[in-house]
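Q: give me the fold of what follows.
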Amino acid sequence: MRLRSRIPALLAATLAVVSLAACSRAQEHTAAAPAATSPAAELRLGYFPNITHAPALIGVDQGFFAAELGSTKLTPQTFNAGPDEVGALLGGSLDAGFIGSSPAINAFAKSNGEAVRLIAGSTSAGAQLVTSPDITSPAQLKGRTIATPQLGNTQDVALKKWLAENGLEIGDGPDKVTVQNIDNPRTLDLFKQGQVAGGWLPEPWSSRLVDAGAKVLVDEKSLWPDGKFPTTVLIVRTEYLQQHPDTVQALLRGEQKAIDFATGQQDRAKTVTNEAIKKITNSSLSPAVLDRAFTELQFDSDPLAATFPQLSKDSVTAGATPTETNLQGFVDVTALNAVRTQAGQPTVDAAGLDKAQG
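A: Here you go, the predicted structure:
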């Protein structure tokens, strides 16, 4: 009888131990979870020394980002093309980056939809296929070499998709088009030397080739409804966005100020952008190139999210990716819409791409 009378007490003690252990594990789990530490101590921001990245160049040079970030240290880093910047983002050495649409999709795809989020646009249009004047039709590209900035970058995908749609095969030989991935400054040199027939290039490089005698064979604006397609967007590491939402919103406020500057004070914006490019590349743009480049571009923080499913298909057509990327969860414009509302701008649509993957 004494044994039976002790059973409830033993059960109660056991349950107490289990409960304490569960609480202990819950506390351990909570302790291990990343704490929200907003604002961040540092924001490492990537961008290119191109006119297509004018809002980034202006935002850094004019102190718009730094002013909005406050105590958060801004560490800028420049890249030549998107794939290198994707490597830095996925490797954790960069927190946010202005980047082309195709590399942005690739970053999302490579991380199985986890590592990055598209949080804003920056620049629309401003990319062209420019060639030597004797080339007036797609067929005349056979046996010629055309440059793009880097394998898998936005212009590389656009060119290869266009070639495929025009029945042109990529490769060596008189009946094929050779596509070479060349740094933009080198493309200009090789075009002047007659070693490449042209390139599908972003501004200011398409304008620089035009200044050197090239003609526009294809303006990418002609391939999109209303001439709008995302040339440069802003993406951020998902973990950074989750841990430092206030810092991300500060970055977007800085970008909005830079865009307002670029659109409202264009003459001054040209000068600031040109001087910023010179600081980075040791080479400035001629007034003619600068003027032409700015007329080819539109600056807006709307990422044009509805275009991304088509851009994902284009990557497959171009052979940059084997299958279309599931873009569900790719877009997060919550902070952007808050900033745009504060700035008196209309909110933007995520085109359903803000819904998480199932």
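
Q: show me where the stretch 51-200 of the chain has strands.
A: Applying DSSP state E, counting those that start in this stretch to the stretch 51-200 of the chain gives strands spanning 73-78, 96-99, 116-125, 127-131, 145-148, 178-181, 198-202.

Q: what's the closest of those strands to residue 245?
A: strand 116-125 (10.4 Å; CB to CB). Yep, even glycine has a C-beta here, placed from its N, CA and C like the rest.

Q: helix or strand right after the worst-scoring helix or strand of the chain on mean pLDDT?
A: The weakest-scoring helix or strand in the chain, judged by mean pLDDT, DSSP states H and E, is helix 2-32 (a mean of 40). The first helix or strand that comes after helix 2-32 along the chain, using DSSP states H and E, is strand 42-47.

Q: quick one: buried residues of that following strand?
A: Neighbour counts over strand 42-47 (16 or more other CB atoms under 10 Å) mark 43, 44, 45, 46, 47 as buried.

Q: parallel or antiparallel, which strands does it pair with?
A: The pairing partners recorded for strand 42-47 under DSSP bridges are strand 73-78 (parallel), strand 96-99 (parallel).

Q: so how many other residues sit close to residue 351?
A: 17 (other CB atoms under 10 Å).

Q: show the contacting residues for the most centrally placed residue in the chain.
A: Nearest to the geometric centre of the chain sits residue 99, at 2.5 Å (CA atoms, centre = their mean). Taking CB atoms under 8 Å, 6 or more residues apart in numbering, we find residue 99 in contact with 46, 82, 85, 86, 107, 232, 233, 234, 235.

Q: quick check: which element contains the last one?
A: Assessed by DSSP H and E, residue 235 sits inside strand 230-237.

Q: C-terminal to that strand, what's the next element?
A: From strand 230-237 onward toward the C-terminus, using DSSP H and E, the following helix or strand is helix 238-243.

Q: average model confidence for the strand holding residue 235?
A: For strand 230-237, mean pLDDT rounds to 96.

Q: partner strands of that strand, parallel or antiparallel?
A: strand 96-99 (antiparallel), strand 116-125 (antiparallel).

Q: residue 139 is nearest to which of those?
A: The closest of the strands paired with strand 230-237 to residue 139 is strand 116-125. By CB to CB, the value is 26.2 Å.

Q: which parts of the closest one are buried?
A: For strand 116-125, by 16+ other CB under 10 Å, it's 116, 117, 118, 119, 120, 121, 122, 123, 124, 125.

Q: out of the residues you listed, flag the one nearest to residue 195.
A: Looking across these and measuring by CB to CB, the closest to residue 195 is residue 125, at 28.2 Å.

Q: residues in contact with the closest one?
A: 220, 221, 227, 228, 229, 231, 296, 297, 298.

Q: check contacts around residue 168.
A: Shown in contact with residue 168 (CB under 8 Å, 6+ apart): 138, 139, 141, 142, 176, 177.

Q: what of residue 352?
A: By CB under 8 Å, 6+ apart, the contact list for residue 352 reads residue 328.

Q: now residue 285
A: Residues in contact with residue 285, defined by CB under 8 Å, 6+ apart, are 51, 204, 207, 208, 274, 277, 293.

Q: dump those residues into CSV; add secondary structure, pLDDT and neighbour count as well.
A: Shown next, in CSV, are the contacts of residue 285 (DSSP: H, G, I helix; E, B strand; the rest coil; pLDDT from 0 to 100; neighbours: other CB atoms under 10 Å):
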residue, secondary structure, pLDDT, neighbour count
51, helix, 91, 29
204, coil, 89, 29
207, helix, 94, 28
208, helix, 94, 24
274, helix, 96, 21
277, helix, 93, 24
293, helix, 92, 26
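
Q: got the strands paired with strand 230-237 as CSV, with mean pLDDT columns?
A: Listed next are these as CSV, based on pLDDT from 0 to 100:
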stretch, mean pLDDT
strand 96-99, 97
strand 116-125, 97
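
Q: which one of those lies nearest to residue 307?
A: Using CB to CB, the strands paired with strand 230-237 put strand 116-125 closest to residue 307, at 9.5 Å.

Q: domain parsing for the protein?
A: 42-126+227-342, 127-226 (automatic domain parsing).

Q: end-to-end on the longest one?
A: Length of domain 42-126+227-342, first residue to last, CA to CA, to the nearest Å: 25 Å.

Q: pull the distance from that domain to the chain's centre.
A: 5 Å (CA atoms, centre = their mean, to the nearest Å).

Q: so which helix or strand takes in residue 247?
A: helix 245-264.

Q: I should have written residue 310 there, sorry.
A: Per DSSP H and E: helix 308-317 holds residue 310.

Q: could you give the mean pLDDT of that helix?
A: Mean predicted lDDT for helix 308-317 stands at 91.

Q: output the strands paired with strand 42-47 as a markdown table; include the columns distance to residue 192.
A: A markdown table is the format used below for the strands paired with strand 42-47 (distance: least, CB to CB, whole Å):
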| stretch | distance to residue 192 |
| --- | --- |
| strand 73-78 | 24 |
| strand 96-99 | 29 |
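
Q: so which of those strands is the most surrounded?
A: Neighbour counts (mean count of other CB atoms under 10 Å) averaged over each of the strands paired with strand 42-47 peak at strand 96-99, with a mean of 29.

Q: rewinding a little: could the strands paired with strand 230-237 go into a markdown table alongside distance to residue 251?
A: What follows is the strands paired with strand 230-237, written out as a markdown table (distance: least, CB to CB, whole Å):
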| stretch | distance to residue 251 |
| --- | --- |
| strand 96-99 | 6 |
| strand 116-125 | 8 |
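
Q: before we move on, back to that, now a PyMOL select for only the buried ones of the contacts of residue 125.
A: Buried subset of the contacts of residue 125, written as a PyMOL selection, criterion 16+ other CB under 10 Å:
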select buried, resi 220+221+228+229+231+296+297+298
